[in-house]
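Trainee: Just a sequence and a predicted model for now, questions to come.
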Amino acid sequence: MEMPTVNECQVESCAYNRDRACHALAITIGDTHLAQCDTFFGVSSKGGDPAATGRVGACKVSDCRHNTQLECQAPGIVVGQSRSEADCLTYAPA
């Protein structure tokens with residue numbers, strides 16, 4: 001199984017975001033009810049591998065149609081600001 005790519009990250013305040021691209025090697029999405037990016041880290045310094053594109057390592061959102069056995073099956077995702085959180089905007093109820 002190949003991990004889905006983070007196609008875009010709109011959360012510019014995240015330490016892993018450079019030019020709307022995620023550079024964390026793998027992110028984790030959510031808990032059982034919310035599609036938040038658990039990997040979001042709001043600091044002024046930048047982290048991650050600038051040569052890498054972020055991937056979805058795990059998804060804990062049980063009611064997302066893309067979730068199969070805690071693995072994201074979407075071809076790619078977008079992370080963006082929703083309320084005051086960094087959320088997976090690709091989330092779709094099952």
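Mentor: Cool, the structure landed.

Trainee: count of neighbours near residue 62?
Mentor: By other C-beta atoms under 10 Å, the residues close to residue 62 number 12. (C-beta placed from N, C-alpha, C; glycine too.)

Trainee: scratch that, residue 82
Mentor: When neighbours are counted by other C-beta under 10 Å, residue 82 registers 16.

Trainee: for the nearest residue to it once chain neighbours are set aside, what are its contacts?
Mentor: Among residues not flanking residue 82 along the chain, residue 89 sits closest, at 7.0 Å (C-beta to C-beta, 6 or more residues apart in numbering). Neighbouring residues of residue 89 by C-beta atoms under 8 Å, 6 or more residues apart in numbering: 10, 77-80, 82.

Trainee: Kindly report the same for residue 71.
Mentor: 1, 58-59.

Trainee: Which single strand of the chain contains the most residues?
Mentor: Scanning the chain for the strand with the most residues, using DSSP state E, yields strand 76-82.

Trainee: Now tell me what touches it from outside.
Mentor: In this structure, residues lying in contact with strand 76-82 by C-beta under 8 Å, 6+ apart are 4-11, 22, 27, 29, 37, 40, 56, 86-90.

Trainee: before we move on, the earlier item: can you lay out the contacts of residue 89 as JSON lines showing pLDDT and distance to residue 64?
Mentor: Listed next are the contacts of residue 89 as JSON lines, based on pLDDT from 0 to 100; distance: C-beta to C-beta, whole Å:
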{"residue": "10", "pLDDT": "97", "distance to residue 64": "19"}
{"residue": "77", "pLDDT": "98", "distance to residue 64": "10"}
{"residue": "78", "pLDDT": "98", "distance to residue 64": "14"}
{"residue": "79", "pLDDT": "98", "distance to residue 64": "14"}
{"residue": "80", "pLDDT": "97", "distance to residue 64": "16"}
{"residue": "82", "pLDDT": "88", "distance to residue 64": "14"}
